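# Fold the following.
(2 chains)
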Protein chains: 2
Amino acid sequence: MLRTYRVARASGLPTAPPTLTLTSTTATRHLFTLPKSLQLRRPEKLSLISQRQLSGRPLPRTQSRLLNFGYRTAAWFGSSIAFVGLSFVAFFLYDASTYSSHATNQGDITVPKLALNPRRGGPKNLPILEIFLDDDDSEEKKKHKEKPRLVILGGGWGSVALLKELNPDDYHVTVVSPANYFLFTPMLPSATVGTLELKSLVEPIRNIIDRVKGHYVRAAAEDVDFSSRLVEVSQKDPRGNEVRFYVPYDKLVIAVGSTTNPHGVKGLENCHFLKDINDARQIRNKIIQNLELSCLPTTSDEERKRLLSFVVCGGGPTGVEFAAELFDLLNEDLTLHFPRLLRNEISVHLIQSRDHILNTYDEAVSKYAEDRFSRDQVDVLVNSRVAEVRPESILFTQLGPDGKTTVTKELPMGFCLWSTGVSQAEFCKRISRQLGPAQTNRHALETDTHLRLNGTPLGDVYAIGDCSTIQNNVADHIITFLRNLAWKHGKDPESLELHFSDWRDVAQQIKKRFPQATAHLKRLDKLFEEYDKDQNGTLDFGELRELLKQIDSKLTSLPATAQRAHQQGQYLAHKFNKLARAAPGLSANEIHEGDLDAAVYKAFEYRHLGSLAYIGNSAVFDWGDGWNFSGGLWAVYAWRSIYFTQSVSLRTRVLMAMDWGKRALFGRDLMSY
Amino acid sequence: MLRTYRVARASGLPTAPPTLTLTSTTATRHLFTLPKSLQLRRPEKLSLISQRQLSGRPLPRTQSRLLNFGYRTAAWFGSSIAFVGLSFVAFFLYDASTYSSHATNQGDITVPKLALNPRRGGPKNLPILEIFLDDDDSEEKKKHKEKPRLVILGGGWGSVALLKELNPDDYHVTVVSPANYFLFTPMLPSATVGTLELKSLVEPIRNIIDRVKGHYVRAAAEDVDFSSRLVEVSQKDPRGNEVRFYVPYDKLVIAVGSTTNPHGVKGLENCHFLKDINDARQIRNKIIQNLELSCLPTTSDEERKRLLSFVVCGGGPTGVEFAAELFDLLNEDLTLHFPRLLRNEISVHLIQSRDHILNTYDEAVSKYAEDRFSRDQVDVLVNSRVAEVRPESILFTQLGPDGKTTVTKELPMGFCLWSTGVSQAEFCKRISRQLGPAQTNRHALETDTHLRLNGTPLGDVYAIGDCSTIQNNVADHIITFLRNLAWKHGKDPESLELHFSDWRDVAQQIKKRFPQATAHLKRLDKLFEEYDKDQNGTLDFGELRELLKQIDSKLTSLPATAQRAHQQGQYLAHKFNKLARAAPGLSANEIHEGDLDAAVYKAFEYRHLGSLAYIGNSAVFDWGDGWNFSGGLWAVYAWRSIYFTQSVSLRTRVLMAMDWGKRALFGRDLMSY
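You can find the predicted model right below:
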């Protein structure tokens, strides 16, 4: 700028109309001495001062670089402060508006009589929850009374995904669950050591239900009467006695999840589990308690070592993440406040029955996790099966390096986490028994590919999430289909011969009905060639059956993950929305029976979006098909970002962000209460 | 500005040297057309663009108000965003620096042998905690081994105030407490309904102790052997068996607090209390549980009314604040998610034995609170004494309006909070019995005005906070003092005659020794006149005794508040600091006995800084002496500010601020876990 200025003067350019800039700085005042008559009076002075504020007047102008720099910096800094300050004021104003200082005067409210004194009925003559206390609370709710009753059992990933996608106006929704919150399970290991607060992982289920103007019943499902469409639920009354009543449904979604798998091991009462929010709190208290006991003079050396021996049974994501979070706590926070001796005496052990931890992940990923753990002095014991958990030690058998002989070892322990997979809940076992031969799986409720519970009236009952599995009966189904087709055309199915084009049609049919089989139907020509044993260019009935059976054997059941439950919940929501839209047309045509689900919507197809795990200041990602990566701190931030976006509400997102900030500022809190 | 400009031109003032401003805006480019040879080449253009950034170059200059305004606004807005963005980046960089990804390699650590295998001894031959596991952990801690051992029993207000003011280098400090956190008790009612998080009210005691490089022992004090200077403490070992050991001391501070006062009422097992953090959680869960039960179809109308009847026994600050917070929860959050019927059926009752709530406050304040409550439909029952708490109802006797007859009433209740004052802890009762006649108060440990426990060797044991009271024995003390003085001078004390100037000296003596009496010694002349019964211008011994006894009777014991405990803790810290500084001189002069406390520091004087209470979207303040005020939301903000500044650490302050923000954004969470 200085140079430009010199050029302009030297060349005698036509100058701009002379302007006089008056500022209130003393520097400029000394340059120009105005005749007394022209010196500024009060009003002008004021206007000169105001020039520095947000206005349309020309900017002040001095030749001094220092002053200009000062002006800019001050403006930059000052305005930033003003910005923050204004935000504060705005927040306080908002805050003030959220207090309701007067008692809410509700005027008269109407409560349906049947809600106050419910009718009794059903096979056990129990009260039936037909009308709710708040069914008349608003115009919207009144309208819902006439809608089909959708009852959802459980408040986990599947239910919440369903609730978040369902059209708010189509169903009278009731959620039955013993817990009045949704728990963001993938972050549970973080909550055990205080990286995240318990509260940041839970969202009141009522907040989620509000979207569809639904109802919440705090109770546990006990049984279902499929013929009279009643769910029997139980709850403890104020005196602790069990009371039971019925919740009627038109559509029922079973999403009750699973329980811990004991694997038939003795002494699990000496273990902690990590299924819900109370487990996390108990674990946190136990860890702190052990640390405190280790400091007492009455604790012997040997006892101290035992108290500080933390054992995790199960090398899946939960076990691995817990071990990692525990290591973080002990490594980052413990040494600050506890005697250094404790850090030396602490040991973390991870017992895994397979030959690798994270064995459902890509091999590179599980290798990375093992390396990381071995560097962090987390003792990974693979090929080991727990035989018994004793109050102060754990017995396990380990396969020797020869892969044949097993040795039994005893590990002293002060804390044991049991996280070795899932098992069927008691309610599901009862349902399964009731449905008899329609349910053949001992571990989960079987559904068809439209997620309808096998053995129940079509379109009445659905099962999603951990408690369910999709039956892989491609062969049976297609064979029956073809058999019927053949008989219809007056042919003997055994004499059926499929040409390649017929086979292509059948494959198309399979893909539509069993999306999970798609991956195994990629090279139709090769399959045809392989199973056309007699090389006659056609598949006969026996050959086709062999082919289909081989596909069946390749289909594995879906993983018991949040991701699966979430997709299934969303799938049901979309289907229910479609069904509601199709309802007027169907009833006009008097169609009430038949495979309505298949008519309005496609079968469920699972898309694996990848798995991830936190492994102690680093994280691993496995997108499937060999795509995977692992990394340090940046991967941790990526891992957090993914869960941050998947979190259930703005509320939990804000709380999670606050928690991470708190950890950075103040560390984890080593308190138990 | 425009006007100024015109004035300058019209008067033909000496103009400023003509300047040319080149900017890159098209507006100015059209005003001046430069000869081609002078048109700017690339480097200048770049420098012109960079002119807009933070630099020392002159600010751009145009005549257009709009452009100038735009420039300023953009700068203002843009820089604010940049400020926020930079803060984010800075925080992430800081966050990244807080992870320690490598296992802390500690190398060799030395642990004193005596810490691993403590010596046994004392009257019960228990292990003695002479050396700690971390006594050799750092150079600073090693130095502390030689310092006098200061043992503090309890981790409440008194202890923490002491720890925060104590010089870090003078004592080997040990804190013994069953809870490993300090609880910010005044905000506890807020935590019961989720306005604040439990975690925001607690600070790990180890964080506080770290300042003085002290030690924490998680155990409960059971007894003290004053002759061998050993505190007997107990703790449960990992198997749940009680173990006991000794903690030796040179100076002992008893600050164990108090327990709930049962007032001899039957059925308190049906009540909730509000003393610690678990109480707050239990209360929260109980409230939510009652709300959930009220929604069930199996709950009758009558039962619902009972479940929603919340009773608070005790009209002191805790009871009042809890009732207020409960009302807030029910009024602000309940109606959003629960059937409207519930809001109609809810009732909150406050049972107070006196004729006003907040009866220790100014009358105007307690009137304001009562008005507020009556408007909020909180049912205040004054002059009522609880007779019995039954599982589902509460029996109380109420004084009739005639002030004589009492009627017994029964109130159905679903929840009862018992907050009717404090009582002596078991440990203090044991100490008191042991010290025999030196302890005459049945409700608290008696100390002298230097806070030394009466009956123990001078300068060994102190008692502060709720568990203690300062003995008001002005008369006894002064009479003994004068008696000794008289005998020393060979006079018979009974024949002593005090002139007004002697009386003034005695009063001075009293004020120094019993600061709490100062308020009653303001008009010395009037007192002299009043008690000089024979009007002879002198006080004889009998007259003086009468005068002092009357002063004694006016002195009340200090309130059992956080404020008192805090001041006493600070007082002890200042005294201990002085004693440590005086120690070298005293030992050089071989002074080990005598009233060292009185020699180095003044007696304890309580200064009442006022009381405050939250009463539901409004707050009351009572500064004493008739100074008080009450108000709405602005008073609530003031109330919060006061507690915010008094909070124990930056951590709790940040968490509290976050909690208030959360409440504004997302409301309170109606979840129980």
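# Do I have it right that A:Phe541 meets A:Leu496?
Yes: the criterion here is C-beta atoms under 8 Å, and A:Phe541 meets it with A:Leu496 at 5.1 Å. All C-beta atoms are positioned from the backbone trio N, CA, C, and that covers glycine.
# any residues in contact with both of those two?
Counting by C-beta atoms under 8 Å, 6 or more residues apart in numbering or on different chains, the common neighbours of A:Phe541 and A:Leu496 are A:Leu482.
# Count the residues that sit near A:Val243.
Neighbourhood size, A:Val243 [other C-beta atoms under 10 Å in any protein chain shown]: 18.
# Check the spacing between it and chain B real quick.
Counting by C-beta to the nearest C-beta, to the nearest Å, the separation of A:Val243 from chain B is 4 Å.
# is it true that that residue lies in a strand?
Yes: remark: A:Val243 belongs to a strand, assigned using DSSP: H, G, I helix; E, B strand; the rest coil.
# For it, which non-adjacent residue is spatially closest?
B:Thr298 (4.4 Å; C-beta to C-beta, 6 or more residues apart in numbering or on different chains).
# OK, contacts around the one you found?
Taking C-beta under 8 Å, 6+ apart, one finds A:Pro127, A:Gln235, A:Asp237, A:Val243, A:Phe245 in contact with B:Thr298.
# Tell me which two of those sit farthest apart.
A:Pro127 and A:Asp237 (12.3 Å; C-beta to C-beta).
# Comparing the two, which residue is more hemmed in?
Ranked by neighbour count (other C-beta under 10 Å), A:Pro127 and A:Asp237 place A:Pro127 first, with 18 against 13.
# A:Val636 against A:Val620, yeah?
No: contact criterion C-beta under 8 Å: A:Val636 and A:Val620 do not qualify, at 10.6 Å.
# So which of those two has more stuff around it?
Neighbours were counted for A:Val636 and for A:Val620 using other C-beta under 10 Å; A:Val620 has more, 27 against 19.
# Pull out the buried residues from the lengthiest helix in chain A.
Criterion DSSP state H: the longest helix present in chain A is helix A:65-97. Using 16 or more other C-beta atoms under 10 Å in any protein chain shown as the test for burial, helix A:65-97 gives A:Leu67, A:Asn68, A:Tyr71, A:Arg72, A:Ala75, A:Trp76, A:Ser79, A:Ser80, A:Phe83, A:Asp95.
# Next up, the contacts around the fifth one.
Right, the one you point to is A:Ala75. Contacts of A:Ala75 by C-beta under 8 Å, 6+ apart are B:Ala75, B:Trp76, B:Ser79.
# Likewise for A:Pro204?
A:Asn180, A:Tyr181, A:Phe182, B:His337, B:Asp669, B:Leu670, B:Met671.
# Ramachandran angles for the nearest residue to A:Glu543 once chain neighbours are set aside?
Closest residue to A:Glu543 apart from its sequence neighbours, by C-beta to C-beta, 6+ apart: A:Tyr531 at 5.0 Å. Dihedral angles of A:Tyr531 (phi, psi; degrees, to the nearest 10) stand at phi -90, psi -10.
# ok, A:Trp623 to chain B distance?
From A:Trp623 to chain B the distance is 24 Å (C-beta to the nearest C-beta).
# Touching, that residue and A:Ile642? I think so.
No: using C-beta under 8 Å, A:Trp623 makes no contact with A:Ile642, being 11.5 Å away.
# The residue of the stretch 501-650 of chain A found nearest chain B: helix or strand, and which one exactly?
Nearest to chain B in the stretch 501-650 of chain A, going by C-beta to the nearest C-beta, is A:Asn617, at a distance of 4.0 Å. Assigned by DSSP states H and E, A:Asn617 belongs to no helix or strand.
# close enough to count as contact, it and A:Trp634?
No: with contact defined as C-beta under 8 Å, A:Asn617 does not reach A:Trp634; the gap is 10.8 Å.
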